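Participant: Next one to model:
(one chain, ligands or ions: 1)
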Amino acid sequence: MSRFTFLILCPDQVGIIAKTTAFLHQRKGNIVYLDQYVDPEAQMFFMRLECDGIGLSSDQLRSEFNEALAIPFQMQWRMDSDENLPKMALFVSKYDHCLYDILGRHAAGELQVEIPFIISNHPDLAPVAEQFGIPYHHIPVTKDTKPEAEAAQLALLEAHKIDLIVLARYMQIVSPKLIDRYPNRIINIHHSFLPAFPGAKPYHSAYARGVKIIGATSHYVTEDLDAGPIIEQDTTQVSHIHSVTDFIRKGRDLEKIVLSRAIRQHLEGKTMVYDNKTVIFH
Ligand SMILES: Nc1nc2c(c(=O)[nH]1)N[C@@H](CN(C=O)c1ccc(C(=O)N[C@@H](CCC(=O)O)C(=O)O)cc1)CN2
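Facilitator: You can find the predicted model right below:
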């Protein structure tokens, strides 16, 4: 029997938890995880719930949930089941550290996901993909070819029914068309402690500014560069003795850990987006 995970967002009001748990109990559901949060300013209610023991198909359960709860409570909601592994596409450019980290964690069984292919605007990382036996699609991107390149990317993503796109140091700005097709399903790793130092060269900007802390930020991608809902961040201290090269070396370790945490939290259905911010359940 499948395990169903519900993510629920709606205006806060009395009875949401009681009615939701009663709905599942009536269908012989056994709730194995429940967490909730109310945003005090927005008066919005967030809930994550995992449930076993329901003998209905996913489609039937979704239909009954929609009628009994989602419509009456004006819910924005998502229900995932553990019937099928989600599919994740990786986008890379020339930097290999995040790619190696993700493929290593996947090979070690740390990430419950399928990786049907890797897309890159450069040929450089094809040998890495080959090491892990994953198809590599080199789709060059120039100012003139960007529309055709993205059309080719979208065709691949659609053909493989991709659920999540990860920009693992992909150094091209993705278009609104791709973002609209995969809302809150494109995760980027930015190599600074946002909102400080957005853009392509944050380590150089941080060094020039003389910072004492550098960081990495993983966020959902929006049209506004490096301004999407933040999923995960981490930092490390630096000092006057560190060069830009030291910043980049220290930063690589942060980028890998921050991106892998964000991917895992998304895949485990622990992220919700509201008002360009996230609620991250434990
Ligand atoms: N729509 C978005 N696309 C991307 C985002 C985003 O937040 N929204 N994040 C970037 C990643 N990134 C920083 O984390 C970043 C990548 C690239 C650039 C940039 O200026 N690229 C230049 C080309 C650079 C090159 O060819 O080497 C450009 O695209 O004109 C800035 C920030 C991924 N995409």
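
Participant: what about the residue nearest to the spatial centre of the chain, which helix or strand?
Facilitator: In the chain, the residue lying closest to the centroid (CA atoms, centre = their mean) is residue 187, at 4.2 Å. Counting by DSSP states H and E, the element that carries residue 187 is strand 186-190.

Participant: Which elements pack onto that strand?
Facilitator: Packed against strand 186-190, as judged by 3 or more CB pairs under 8 Å, 6 or more residues apart in numbering; DSSP states H and E, are the following elements: strand 164-167, strand 213-220, helix 244-267. Just so you know, the C-beta spots here come from the backbone N, C-alpha and C atoms, and that holds for glycine as well.

Participant: what's the closest of these to residue 237?
Facilitator: Residue 237 sits nearest to strand 213-220 of all those, at 5.8 Å, using CB to CB.

Participant: Any buried residues in the helix or strand that the closest one is followed by, and which?
Facilitator: Moving toward the C-terminus from strand 213-220, the first helix or strand encountered (DSSP H and E) is strand 230-237. Neighbour-count burial for strand 230-237, counted by 16 or more other CB atoms under 10 Å, picks out 230, 231, 232, 233.

Participant: Helix or strand: which one has residue 173?
Facilitator: Using DSSP H and E, no helix or strand contains residue 173.

Participant: residue contacts, it?
Facilitator: Contacts for residue 173 (CB atoms under 8 Å, 6 or more residues apart in numbering) come out as residue 225.

Participant: secondary structure class for residue 42?
Facilitator: Under DSSP: H, G, I helix; E, B strand; the rest coil, the three-state class of residue 42 is coil.

Participant: burial measure for it, as a count.
Facilitator: Residue 42 has 12 neighbours, counted by other CB atoms under 10 Å.

Participant: per-residue confidence for it?
Facilitator: pLDDT for residue 42: 97.

Participant: From the ligand, how far out is the closest residue to it other than its chain neighbours?
Facilitator: For residue 42, ignoring the flanking residues on the chain, the nearest one in space by CB to CB, 6 or more residues apart in numbering is residue 275 at 6.7 Å. Noted for residue 275: a distance of 18 Å to the ligand, by CB to the nearest ligand atom, to the nearest Å.

Participant: circling back to that earlier point, any idea which of the buried residues of strand 230-237 is closest to the ligand?
Facilitator: Proximity of those to the ligand (CB to the nearest ligand atom) peaks at residue 230, which lies at 11.2 Å.

Participant: Can you verify my assumption that that closest one contacts residue 218?
Facilitator: Yes: counting by CB atoms under 8 Å, residue 230 does reach residue 218; the two are 7.5 Å apart.

Participant: and this protein, which residues reach the ligand?
Facilitator: Contacts of the chain with the ligand, taken as CB under 6 Å from any ligand atom, map to 167, 170-174, 188, 190, 199-200, 221, 223, 225-226, 228.

Participant: closest to residue 136 among those residues?
Facilitator: residue 170 (13.5 Å).

Participant: Quick one, grab the pLDDT at residue 208.
Facilitator: You'll see residue 208 listed with a pLDDT of 97.

Participant: I'd like the distance between it and the ligand.
Facilitator: For residue 208 relative to the ligand (CB to the nearest ligand atom), the value is 17 Å.

Participant: Provide the secondary structure category for that residue.
Facilitator: helix.

Participant: neighbours around the residue nearest to residue 259 when sequence neighbours are not counted, how many?
Facilitator: Excluding its sequence neighbours, the residue lying closest to residue 259 (CB to CB, 6+ apart) is residue 189, at 4.1 Å. Counted by other CB under 10 Å, the residues lying close to residue 189 total 26.

Participant: doesn't residue 171 make contact with residue 189?
Facilitator: No: under the criterion of CB under 8 Å, residue 189 is not in contact with residue 171, lying 11.3 Å apart.

Participant: can you count the residues close to the residue nearest to residue 42?
Facilitator: Per other CB under 10 Å, the neighbour tally for residue 275 reads 10.

Participant: All set, thanks.
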